[in-house]
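*Asks:* coords please:
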Amino acid sequence: MRRVVFTFFGGLVILLVWSCGNQGSTKNSGEAENRILQGEDGTVSLKLDKAVCYNDAVNPTNNTADWNVVISKPGRFKVWLTSATKDTADLSYSSSVKVNILDDHLEVTPGVDKIVQNSDDVPHSYFRADSYVGSFYVSEPGEYNIQVISDKVIAKSAGSKNNPQIDDTMLLSVMLTPAIRQ
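*Replies:* So this is what the prediction gives:
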């Protein structure tokens, strides 16, 4: 009888170990598909439509976009926001935009630093506006979570049909470019 009980529990333990191992590998492969990899030139392009977005209907200034990013070439990165806008003089952000990585927090009310005409990144009736936010220093390679908090973070499923003012300026992406010493 002891032999049967021992064999039963031994088989159960092996089944549990095998089962947990399989769940873990499935989870890791799913997470790997959602990671953003740093480009060969060192840039990291974080498009809003690739983010996990959280919308706060009560207080839209708490809308959040999150990305998991793999940094292979650490260093200092300049942070830029890319917006689609109809007004090249005023981006109409009603509140500041916060960008977070680790313990570094940048906060800025985006202005127009650079206008890109005829950009394929924006709809036909819009201009692309790039806004400088600041810079981050990443000391070692690894996986990092980057978060943007702004009322302009709008999940695709939420849409912007109910608020026409949102359509005047839309947040499209965050770009991290390596800072080069001069």
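*Asks:* drop to CA atoms for contacts and neighbour counts, all remaining ones
*Replies:* Fine.
*Asks:* nearest residue to K78 in space, please, no chain neighbours.
*Replies:* In space, and not counting its chain neighbours, K78 is closest to S135: 4.3 Å by Cα to Cα, 6 or more residues apart in numbering.
*Asks:* ok, then the element right after the lowest-mean-pLDDT helix or strand in the chain?
*Replies:* The weakest-scoring helix or strand in the chain, judged by mean pLDDT, DSSP states H and E, is helix 2-33 (a mean of 41). Later in the chain than helix 2-33, the nearest helix or strand by DSSP states H and E is strand 35-37.
*Asks:* so what's the closest residue to D151 other than its chain neighbours up against?
*Replies:* Excluding the flanking residues, the one nearest D151 by Cα to Cα, 6+ apart is T61, at 4.2 Å. Going by Cα atoms under 8 Å, 6 or more residues apart in numbering, T61 touches 95, 149-152.
*Asks:* looking at those residues, which are in strands?
*Replies:* Using DSSP state E, the subset of the contacts of T61 located in strands is I149.
*Asks:* state the phi and psi torsions of F127.
*Replies:* Backbone torsions of F127, given as degrees, to the nearest 10, read phi -110, psi 150.
*Asks:* need the pLDDT of it.
*Replies:* Per-residue pLDDT puts F127 at 91.
*Asks:* how about low-confidence regions in this structure?
*Replies:* Within the chain, the stretches with pLDDT under 70 are 1-34, 155-167, 181-182.
*Asks:* how near is the spatially most central residue of it to Q147?
*Replies:* Centroid check for the chain by Cα atoms, centre = their mean gives W67 as the closest residue, at 3.2 Å. Remark: distance between W67 and Q147 (Cα to Cα, to the nearest Å) = 7 Å.
*Asks:* one more: D66?
*Replies:* 5 Å.
*Asks:* and F127, by the same measure?
*Replies:* Using Cα to Cα, F127 is found at 25 Å from Q147.
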